[in-house]
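Student: structure for this input, please:
(2 chains)
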Amino acid sequence: MLAIVSSSTHAHPQVLAYESVLQFAPVSSWDALGMLANGNEACIDQLVREVPAFAVAAIQDQKNNDGSFSEDIRGLAAFVCLRAERVMRALLQGNNHDERASPAIPPSAAGDDWRETGQRYGGPIYRLRPSYPSLPHDSRIDRSVVSEDSAGGIGCSKYYESYGKHGLTGGVFAIWCPHLICVGWHCIPRGEGRNDAFSALFTRWKKAPSVVIYDFACALGPYAMLREPEFFKDTRFLIDDFHAKGHTRCTAACMLRTYRKGNSHVTKTNSSAAECGNSALTRIEKSVSYMSQRHAVVYTGVFLEIWNRTRTVHALSIAQTHGMPLKDAMLDKRLYLHLEEQ
Amino acid sequence: MQACSKHPNSQTHYAGPDMRELGLFNFSNYSVFTHELLNSYTSRCFCHPAPFHAFCRTVRFDYQNHLSEHVFVNNDTFRKAWFSWMGIMQLFGTALNQSQQCPIRGPEPDVCIADAKTLGFQQQHLTSSLTPPTEVLRCAPKRADVRPLPESSACVLGDARRKGQQLCRWRASLTKHGASKVGNIDGELSDADVDAADVDADETGAAKQSRARRNARDKVDKDNMAAMPQVVVALKKQSKVLGNLFDRYINTAWEDRKETKRRAFFVLLQQVGFFVGYCFI
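Tutor: Numbering: from 1, shown residues only, chains lettered A, B, ... in the order given. Below you'll find the predicted structure:
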């Protein structure tokens, strides 16, 4: 496809986006962009799923040009696609390691007691978090490094409150599935950063998720792609609806709501799942703040276990009572009403 | 009770009965708690904030109300008993960590939502055993070949990109009057609304402020329109298609009939423009 794209574009190689072009045009969208570059109308459906802004503009362009695509929109598709491919290639060049050659997980790490380590995930540890000595401040806490992109920051104007107030640890980082089940969590010793999301996904997911919804997704995407492009190449990082308002400089390409209509992965996703869970965790916030580490970890673990169990048991009950599949019951409104009652 | 075979001389190591079948939890051979009481605390802490001392207090009141001869254990003992009880409990399922998975999507869902919560404990209680996934272990792979990508080429467009982005946003924000919204005034208000309140009165402070804002807005609008050709030229130098599209859709005055058709391109160009020069850390 690169050859087709290259022959039809006048793009200067240095013009378009750097790494984050992959947020706008991920690998999964390249086929559709290539088809658009070649004037193939069959690309629209795929574009709606992958790059909605391009789909809407292409449809409008067709109307403006009596049913065919203009040279400009085709050229732009080729331009974006070419740039995305170049960036991906550049990222992969620096990541030519073989995962099979990675060191084995030491038994001590694999079998550690979650009450001691403060991390509990449903799956096993698949990989260790690598170190990246050539990346300055690789594992620093970066909740507050937001600055202008020209100044080396992440270019997003959303400002985050700093964690770890009043001599407390950073809190808890949790990953939820869209059914409001907490599939894993860990304690944050100092402060939350993109590193928490990156490390949890990289070490505990065998295959990277196709969609990661995170309040800082605009910055998590580049962070993860720079470090592990092969692993995260098919992952889309999106900002949930609740936090989208704070991202005044980020475009719709980073927002979950943009993909709701066309992308079946996120059509029915409750992006507030984490917020629901977090609001419940508020009930133990005060108690935990006075506890020792072990007690705090156990208390949090017990709370989240009960949360998961209560939700599952109630969904099973709804499924049996109303004769519906469990997957529908997990998203049923009655389940949310039940949660509110709690 | 039987003396511990490993510590026969110890005064404190005794193995007592496991009274699970009676619904009792043998905490220390001297303190025994009912499962009902321990579960009661678990349920309460799930439903509302329930500190141990508050729970113990309510139980003590219950003892008094029932004219019990005994007194309930102190807060510390109950807290220790509850955590010991939780240490041997397997709340959900039989397999390790089965509770940490979705019954539909399993332990590693394809769509996941990540977030943090300020649920911290005192840093003075932190121990070295806490090892979150962010911890880089000694045996972890070292990837020295991963480096920040050079951003020099992205900066070629530096100013043009920033200005282009700004113009895209400004052009998309034009109202039906062909001017952008007045800064710091509700978007619903039109110019006519701003003037209406002070028609019959001397110019008040608010009116002066409105006028100043409107003038500032007009100046920004004028400057932006004037900057368009320069940005178009800069973009065309780098990419003919980008420059052409910018010229055709962004470098335009408001036209009622055409605005709907243009809107899709405002969004597209904003998104394309946004990513130019985005750097990595």
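Student: for the nearest residue to B:Leu174 once chain neighbours are set aside, give me its contacts.
Tutor: Leaving out its chain neighbours, the residue that sits closest to B:Leu174 by Cβ to Cβ, 6 or more residues apart in numbering or on different chains is B:Trp254, at 5.2 Å. For glycine as for every other residue, the C-beta is placed from the backbone atoms N, C-alpha and C. Applying Cβ atoms under 8 Å, 6 or more residues apart in numbering or on different chains, we find B:Trp254 in contact with B:174, B:176-178.
Student: let me have these in a markdown table, extended by pLDDT and distance to A:Ala208.
Tutor: Formatted as a markdown table, the contacts of B:Trp254 follow (pLDDT from 0 to 100; distance: Cβ to Cβ, whole Å):
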| residue | pLDDT | distance to A:Ala208 |
| --- | --- | --- |
| B:Leu174 | 84 | 41 |
| B:Lys176 | 76 | 45 |
| B:His177 | 76 | 48 |
| B:Gly178 | 76 | 47 |
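Student: need the helices for the stretch 101-250 of chain B, in chain order.
Tutor: B:158-172, B:191-196, B:205-238, B:240-245 (DSSP state H, counting those that start in this stretch).
Student: which of those has the lowest average pLDDT?
Tutor: Ranked by mean pLDDT, those end with helix B:191-196 at the bottom, a mean of 50.
Student: about what we covered before: name the element the residue nearest to B:Leu174 belongs to?
Tutor: Using DSSP states H and E, B:Trp254 is not contained in any helix or strand.
Student: tell me which residue lies nearest the centroid of the chain.
Tutor: Picked chain A for this. Nearest to the mean C-alpha position of chain A, by Cα atoms, centre = their mean, lies A:Val212 at 2.3 Å.
Student: nope, chain B please
Tutor: B:Asp115 (4.9 Å).
Student: list the residues that contact that one.
Tutor: Applying Cβ under 8 Å, 6+ apart, the residues near B:Asp115 are A:173-174, A:176, A:214-215, A:274-275, A:277-278.
Student: let me know the closest of those to chain B.
Tutor: Using Cβ to the nearest Cβ, A:Ala274 comes nearest to chain B of the contacts of B:Asp115, at 3.6 Å.
Student: partner residues bridging the spatially closest residue to that closest one that is not a sequence neighbour?
Tutor: Of all residues not flanking A:Ala274 in the chain, B:Asp115 sits nearest, at 3.6 Å (Cβ to Cβ, 6+ apart). Beta bridges link B:Asp115 to A:Ala174, judged by DSSP bridges.
Student: could you check the pLDDT of B:Asp115?
Tutor: pLDDT, B:Asp115: 90.
Student: also B:His53?
Tutor: B:His53 is given a pLDDT of 93.
Student: same check, this time on the one 5 residues further on
Tutor: Looking at B:Thr58, its pLDDT reads 94.
Student: got a list of what it touches?
Tutor: Taking Cβ under 8 Å, 6+ apart as the test, B:Thr58 contacts no residue whatsoever.
Student: now A:His166
Tutor: A:His166 neighbours (Cβ under 8 Å, 6+ apart): none.
Student: helix/strand/coil for it?
Tutor: Three-state call for A:His166 (DSSP: H, G, I helix; E, B strand; the rest coil): helix.
Student: how about B:Arg263, secondary structure?
Tutor: B:Arg263 - assigned by three-state DSSP - is helix.
Student: re the thing from before, which ones are touching the residue nearest to the centre of chain A?
Tutor: By Cβ under 8 Å, 6+ apart, the contact set of A:Val212 is A:197, A:201, A:220, A:235-238, B:112-114.
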